[in-house]
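S.K.: structure for the following, please:
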Amino acid sequence: MITRMGIVKSRLLLGGAATAGGGAVVWALSAVFLAATPNCASEPLPRCVVQSNEAIAKYTAIGPPTGANCSNWVLPWLAQNNCSDMNGNDVCQAATAGTVVGEPVGLQTYFPNPNDTNQNEEPGSMAFKSEYIGTLIQGYLQGYGTSANGGAPADFNPNYPYAPGLTAKPAGQPPQVTGSNFVFNWGKFDTVYPVNGVCTISNITESNVTYPAIPQYNAFGSSPAMPGPFSGMAQTTIDYKWTSPLKVIVDDTTGAIGDQVFGDLTISQDGCSQSFHVAILAPRVQCNATDDAGNITGGDQSQCGSGSQNPDDIGMNTPDATTQAQLYGSGILPGIPVNCQSIVPGPLPAADGGATSAPTPDFECLLGRSSP
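M.R.: Numbers count the residues shown, from 1 in each chain. Predicted coordinates for the structure are as follows:
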């Protein structure tokens, strides 16, 4: 049996903890990376894990979007946060082959129950979830469900996105996961320990879920006369399907333990699909450069600093260093190749129906390698 371990932001929670012996099992922090070995004279090996954290997924498009009327399709996260103007018009062009886009995601590790007699021989598992889906569900439950209209509406469904009633929700949480009707992808590591510093997951579940329409609701502190900020969402079906085994760096010689994940992924929404080469880095670190008015002017590589002993790496020689990443390091492990890049595609040309508004920029510290 496997039990949940690690903490993810509330909006990224991947579900309730699995239980053992009637109660949730929580390992000590040291057990996250180390497993006991019978020979006390040898160094303990790190188990196969991912870093349970908010991460940033770098997507390199394999080709353009496919599907009817999908020539300008972009990731749901980008459509919501970067690629729509105030009137809901598209302002981004689709990613073509080789174009880099991305989105924040949640990663979660699940460990064997330490009470199991064979726990040292049982691989752990991991789950992956788009932050767009997390914020979508949170928006319904904590926004529409507790809106400024005076509390939860009569049609509020606490089981969103599933139909009302506990029987409508798919049974179980990781590792009791089968089928594709979950809001996350889940897979079991092929081995307990890494092989040459790499762990693989050959089989990972698909996530194919229909998210019912969300009515307009008022934000906290607003009023029915001035609703916002959420103007409602039509029903949508979103699918995340990994098309290659996942590879996770777990290398005790460098200290890179589960912070880099690689694979191929196809993302679909309402008949539009696009495939990507994926490189995930944890933790997520934004690197937007801003002017005095707070406008994003580009990327700032210094915010991706590792916090190494080189003062230039962490901005100590930069007179105007003001961000936490510049002053103290970003939290990214030293030695990992990182580039401050935009995850937003270019503006939609006017000839293709582009609006006058420009996309909202977002620069992130992206992994500088495409494979382990």
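S.K.: going by C-alpha atoms from here, please, whenever you check contacts or count neighbours.
M.R.: OK.
S.K.: okay, how far is it across stretch 139-146, tip to tip?
M.R.: Taking Cα to Cα, to the nearest Å, stretch 139-146 runs 10 Å from one end to the other.
S.K.: hang on, Gly139 in a helix?
M.R.: Yes: with DSSP: H, G, I helix; E, B strand; the rest coil as the criterion, Gly139 is located in a helix.
S.K.: mind checking how far it is from Ile56?
M.R.: Distance from Gly139 to Ile56, counting by Cα to Cα: 21 Å.
S.K.: comparing these two, which residue is more hemmed in?
M.R.: Ile56 (28 against 18; other Cα atoms under 10 Å).
S.K.: I'd like the distance between Ile332 and Pro65.
M.R.: Noted for Ile332: a distance of 32 Å to Pro65, by Cα to Cα.
S.K.: in which helix or strand would I find the residue nearest to Leu281 when sequence neighbours are not counted?
M.R.: Leaving aside its chain neighbours, Leu281 sits nearest to Gln260 (4.9 Å; criterion: Cα to Cα, 6 or more residues apart in numbering). Assigned by DSSP states H and E, Gln260 falls within strand 256-269.
S.K.: in that strand, which residues are buried?
M.R.: Neighbour counts over strand 256-269 (16 or more other Cα atoms under 10 Å) mark 256-269 as buried.
S.K.: specify the beta-bridge partners of Asp90.
M.R.: Bridge pairing for Asp90 (DSSP bridges) gives the partners Ser84.
S.K.: touching, it and Ser84? I think so.
M.R.: Yes: here Asp90 reaches Ser84: they are 4.8 Å apart, a contact under Cα atoms under 8 Å.
S.K.: which one's more surrounded, the two?
M.R.: A count of neighbours by other Cα under 10 Å puts Asp90 above the other of Asp90 and Ser84, at 24 against 19.
S.K.: give me the pLDDT value at that one.
M.R.: At Asp90, the model reports a pLDDT of 87.
S.K.: with the one 10 residues further on instead?
M.R.: The score at Val100 is 97. That number is its pLDDT.
S.K.: that one: what's it in contact with?
M.R.: For Val100, the contacting residues are 58-61, 342-343, 345, by Cα atoms under 8 Å, 6 or more residues apart in numbering.
S.K.: turn the buried residues of strand 256-269 into a markdown table, columns for distance to Pro114.
M.R.: Formatted as a markdown table, the buried residues of strand 256-269 follow (distance: Cα to Cα, whole Å):
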| residue | distance to Pro114 |
| --- | --- |
| Ala256 | 24 |
| Ile257 | 20 |
| Gly258 | 20 |
| Asp259 | 24 |
| Gln260 | 26 |
| Val261 | 26 |
| Phe262 | 29 |
| Gly263 | 30 |
| Asp264 | 33 |
| Leu265 | 33 |
| Thr266 | 35 |
| Ile267 | 36 |
| Ser268 | 38 |
| Gln269 | 40 |
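S.K.: how close does Asp251 get to Gly258?
M.R.: Distance from Asp251 to Gly258, by Cα to Cα: 8 Å.
S.K.: which residues does Pro64 contact?
M.R.: Pro64 neighbours (Cα under 8 Å, 6+ apart): 71, 94-97, 274.
S.K.: please indicate which of those are buried?
M.R.: Among these, those buried by neighbour count (16+ other Cα under 10 Å) are 71, 94-96, 274.
S.K.: what's the closest of these to Ser180?
M.R.: Ser180 has its nearest neighbour among these in Gln274, at 18.5 Å by Cα to Cα.
S.K.: quick one: residues contacting the closest one.
M.R.: For Gln274, the contact set (Cα under 8 Å, 6+ apart) comprises 61-66, 266-268.
S.K.: go again using 6 Å as the cut-off
M.R.: If you count contacts by Cα atoms under 6 Å, 6 or more residues apart in numbering, Gln274 has them with 65, 266-267.
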